[in-house]
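Trainee: coordinates only, sequence not included:
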DNA sequence: CATATAGTTCGATCTATAGCGAAGCATAAA
DNA sequence: TTTATGCTTCGCTATAGATCGAACTATATG
């Protein structure tokens, strides 16, 4: 007993509805101001302020001041991964907050997970990258051939900002229940898609909307995303 | 806003110290009775009973009656994976409940994660299985050659109980921060090690103790576990 | 049967904390 | 400067829920 890290502290921090809403909103990857987060959570500014300081103190969220605004974002990919894992569990248990809608389907197809592409297309991309030998081995190294492939896409690895963060990391998807690509490369690919006009972010949600041409190009490079059979209603 | 699954409910369930202790204890993979869990959590039996019914209702824990005892276990691997992810986050943030002790080091080396091997040796085994081509592809299929390898170990896949649960699944390690093998094969391998006398479970913790011969055999088949460099004190 | 043990249910208490109104800072614009 | 906006601190209330004592049910054992 009393082994290991203190789970309860972190879980309790996520376990409040207001804070959970804030964190979910931050899964969009955008940094949001305190008032925006207050609206998102459905509470007054003072309440939000208190919640936010607790999230910061708990290391789940990072603050950044800019003028008279204060922006908040998730403290790192690990936080995003825990949130995705929780979403997966909650979805599996049928603890859905809203009934399934058209937006929900779009979310399953392609959405942003903190800073990279998730959903069926995210999973498809990840599998394809492995199948094509772009990412090899258990630690997901980019092969020389992979560099070429990425270069052909217009992405130069050498131009990525250096950082101690891992280049490639897996992240478990709550909708598809398969891994997709996180890490610096995952981030770079998503922003590349958006810069190149393949896709664009939907204003107030995590949905990623591919254009017809973008979808065509995506399928050309990564194959077609097959919807996995759902075994629960 | 209000997208996706209801994270807060699950997180709040995990977020109570008593319940978190119970869940951590269940990470050992053993089914425990209500009174044992009460002791583990440090609360009275009535309190534990209330907590347990909430955990069951929330789908995190599965009850099983046996005579006048009632055993509880984690409801599935997904639950275990969320708990491991939370441990990783908490450990990374330095939210350790106890100071590092000798037991802690043993935990990092080899421990049980619900029903499979985790820790440095778990990670090493997973990598080796991939490097040797036993598990191939993004969905971790067992190759024909892999079947042979396992057979040589004394493990016949055909004899495993059939189930809809996946044969191989990744699980992220909170100590090593790398994936290790979960799923039916992961479970089978750990029990095989124990049956063959390579290792045994420590009585009241999640530590897995390898015998000298067992360690030797393990290294012969899976290579030597290298401790990753720690970049935080 | 009586007795012990495992677990649950009920009721009462008590604490932690989410929530907000009001006032106080800080930064930016006019 | 004044005025407006973003955020925080203080103080209070209300409420959820964690805890336990005591009584109750169910299963095993002698």
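Mentor: Structure's in. What do you need? Because the structure is a prediction, the values reported are computed rather than measured.
Trainee: need the longest helix for chain A.
Mentor: Counting residues, the longest helix in chain A under DSSP state H turns out to be helix A:77-92.
Trainee: all strands of chain A, in order?
Mentor: Using DSSP state E, the strands of chain A run over residues A:32-33, A:61-66, A:69-74, A:111-113, A:116-118, A:135-136, A:141-142, A:169-172, A:179-182, A:199-201, A:208-210.
Trainee: could I get the ones you listed as JSON lines with mean pLDDT?
Mentor: Listed next are the strands of chain A as JSON lines, based on pLDDT from 0 to 100:
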{"stretch": "strand A:32-33", "mean pLDDT": "96"}
{"stretch": "strand A:61-66", "mean pLDDT": "95"}
{"stretch": "strand A:69-74", "mean pLDDT": "96"}
{"stretch": "strand A:111-113", "mean pLDDT": "95"}
{"stretch": "strand A:116-118", "mean pLDDT": "95"}
{"stretch": "strand A:135-136", "mean pLDDT": "91"}
{"stretch": "strand A:141-142", "mean pLDDT": "93"}
{"stretch": "strand A:169-172", "mean pLDDT": "88"}
{"stretch": "strand A:179-182", "mean pLDDT": "92"}
{"stretch": "strand A:199-201", "mean pLDDT": "95"}
{"stretch": "strand A:208-210", "mean pLDDT": "96"}
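Trainee: of all those strands, which one is nearest residue A:93?
Mentor: Closest to residue A:93 of these is strand A:169-172 (CB to CB; 15.7 Å). In short, each C-beta sits where N, CA and C put it, glycine included.
Trainee: for that closest one, which outside residues touch it?
Mentor: Contact partners of strand A:169-172, identified using CB atoms under 8 Å, 6 or more residues apart in numbering or on different chains, comprise A:77, A:80-81, A:84-85, A:88, A:113, A:116, A:118, A:126, A:140, A:178-183, A:186, B:81, B:170, B:172, B:179.
Trainee: partner strands of it, with direction?
Mentor: In the sheet, strand A:169-172 lines up against strand A:179-182 (antiparallel) (DSSP bridges).
Trainee: residue contacts, the residue lying closest to residue A:120 once chain neighbours are set aside?
Mentor: Closest residue to residue A:120 apart from its sequence neighbours, by CB to CB, 6 or more residues apart in numbering or on different chains: residue A:225 at 4.5 Å. Neighbour list for residue A:225: A:109, A:120, A:121, A:123, A:124, A:219 [criterion: CB under 8 Å, 6+ apart].
Trainee: pretty sure the second one sits against residue A:106.
Mentor: No - using CB atoms under 8 Å, residue A:120 makes no contact with residue A:106, being 10.7 Å away.
Trainee: who has more neighbours, those two?
Mentor: Taking other CB atoms under 10 Å in any protein chain shown, residue A:120 and residue A:106 do not tie; residue A:120 has more neighbours (20 against 17).
Trainee: could you check how far the more buried one is from residue A:108?
Mentor: Residue A:120 sits 6 Å away from residue A:108, taking CB to CB, to the nearest Å as the criterion.
Trainee: next one: residue A:167
Mentor: For residue A:167, the distance to residue A:108 equals 27 Å [CB to CB].
Trainee: which of the two has more residues huddled nearby?
Mentor: Taking neighbours as other CB under 10 Å, residue A:167 and residue A:108 compare with residue A:108 leading, 21 against 17.
Trainee: who's in contact with that one?
Mentor: By CB under 8 Å, 6+ apart, residue A:108 lies in contact with A:119, A:120, A:175, A:176.
Trainee: go on, residue A:167?
Mentor: Residues near residue A:167 by CB under 8 Å, 6+ apart: A:140, A:142, A:157, A:183, A:184, A:185.
Trainee: check residue A:140 too.
Mentor: Per CB under 8 Å, 6+ apart, neighbours of residue A:140: A:167, A:168, A:169, A:170, A:183.
Trainee: and the lowest-mean-pLDDT helix or strand in chain A, what's buried?
Mentor: The weakest-scoring helix or strand in chain A, judged by mean pLDDT, DSSP states H and E, is helix A:102-109 (a mean of 84). Residues of helix A:102-109 classed as buried: A:104, A:106, A:107, A:108, A:109 (neighbour count, 16 or more other CB atoms under 10 Å in any protein chain shown).
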